[in-house]
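> Here's a sequence, model it:
(one chain, ligands or ions: 1)
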Amino acid sequence: MPIKTVECVICKEEVTKRKTLVYKDGRACREHQEVQDAVLEQKLKEEQDIMWAKADQAMRRISAVSFIRCYHTFRGVPVMLLMSRVRKDDREWVADKIEEMGGPIMSGEETINAAFMASHIAKRVKEIE
Ligand SMILES: [Zn+2]
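Numbering: from 1, shown residues only. Next up is the predicted model:
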């Protein structure tokens, strides 16, 4: 069986497929600088995507803890109902964090701070409107 060759989109040489990588609309020799740059750029993008995914997850989890404790404390919404709104893979972390913070009912000090912050935000929204 003949060795499969492809045309490099940069130097136009016929080269073995394994000497190339996917590049733009075709394949190009691995050793070209622009191919190596593209590989590095792709690797950086993948690292950034992983970093952003972790940041999104952390924000989502932290928000869920606040959301559950506020709704449970101020509106009396059952924790189980609120927890059903949390993504499955976040539930254990969220439940542990709520426990770590002293449970789903906010302390007196937390309640005062939350009420103060809510009134401050409401006032700022009126100023902006
Ligand atoms: Zn080439």
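> mind listing the strands for the chain?
5-7, 14-16, 20-23, 26-29 (DSSP state E).
> Now do the same contact list for Glu129.
Contacts of Glu129 were listed using Cβ atoms under 8 Å, 6 or more residues apart in numbering, and none were found. (C-beta placed from N, C-alpha, C; glycine too.)
> Residue numbers of the chain in contact with the ion?
The chain comes close to the ion at residues 8, 10-11, 29, as judged by Cβ under 5 Å from the ion.
> Just the buried ones out of these, please.
Neighbour-count burial (16 or more other Cβ atoms under 10 Å) is assigned, among those, to 8, 10, 29.
> ok, now how distant is the last one from Val39?
So that's Cys29. As for Cys29, its distance to Val39 is 12 Å (criterion: Cβ to Cβ, to the nearest Å).
> Residue ranges in this structure under the pLDDT threshold?
When residues are selected by pLDDT under 70, none of them lie in the chain.
> which stretches of it form helices?
Remark: helices of the chain, listed N- to C-terminal, are 33-75, 79-83, 88-100, 108-128; assignment by DSSP state H.
> just checking, what packs against the last one?
Yep, that's helix 108-128 we're talking about. In this structure, helix 108-128 packs against helix 33-75, with contacts taken as 3 or more Cβ pairs under 8 Å, 6 or more residues apart in numbering; DSSP states H and E.
> Please consider this matter closed, and thank you.
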